[in-house]
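Novice: Sharing a model that was predicted from the sequence below.
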Amino acid sequence: MSLTTSLAFTFYVTKADGTQELACEVLFKDLVFGFSAIIDAMVLHPKILSADIGTIVQVASTFGDIDTAQMAALFQQILNIALEPMNTAINSFTLTIPNKLFGLVSLANLQLVINDNYLTAIVDPTFIAPTGAMFEKPTPPK
């Protein structure tokens, strides 16, 4: 699976008089994260497999042109080094999918499927027969 996004970064500098001024603004276009999501007993374990900088575009700069190709290469190196720590952090957050809904439906065999750019969760539902107490006629108040 993959996630494609764009991020805009705006940097300001604080001048001696305390006012802030725009230093530069850059846009990271088409940042792509490749990942897997292993499902074990209704627990989702995501892992980032790759992270790629698409392009960096200079939107504004008060100090001249920025070498966006060099910036992209440096950020790519940072992402490559950061993959392992990011995965360690992600592993501490597991997403447990409930295996029962309202005590009436049991869920099993979770699958994640991407179809036409939509992520779909598929489960096998099993109806749980209600107990007799569920259908008892309420006693009217006296």
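Specialist: Nice, I can see it. Numbers count the residues shown, from 1 in each chain.

Novice: Just the buried residues of the strand or helix carrying Met86, please?
Specialist: Here Met86, judged by DSSP states H and E, is contained in helix 68-91. For helix 68-91, burial by neighbour count (16 or more other Cβ atoms under 10 Å) applies to 72, 75, 79. For glycine as for every other residue, the C-beta is placed from the backbone atoms N, C-alpha and C.

Novice: Please identify which of those residues is nearest to Leu44.
Specialist: Distance to Leu44, by Cβ to Cβ, is smallest for Leu79 among the buried residues of helix 68-91, at 22.9 Å.

Novice: Just give me how far the worst-scoring helix or strand of the chain on mean pLDDT sits from the chain centre.
Specialist: Across the helices and strands of the chain, the lowest-confidence element by mean pLDDT, DSSP states H and E is strand 95-96, at a mean of 82. In terms of Cα atoms, centre = their mean, to the nearest Å, the centre of strand 95-96 is found 13 Å from the chain centre.

Novice: I'd like the next helix or strand past it.
Specialist: Counting by DSSP H and E, what follows strand 95-96 is strand 100-101.

Novice: for that following strand, packing partners?
Specialist: strand 105-115 (3 or more Cβ pairs under 8 Å, 6 or more residues apart in numbering; DSSP states H and E).

Novice: how about the residue nearest to Ile38 when sequence neighbours are not counted, what does it touch?
Specialist: Using Cβ to Cβ, 6 or more residues apart in numbering and skipping the chain neighbours, the partner closest in space to Ile38 is His45 (4.6 Å). For His45, the contacting residues are 37-39, 91, 94, by Cβ atoms under 8 Å, 6 or more residues apart in numbering.
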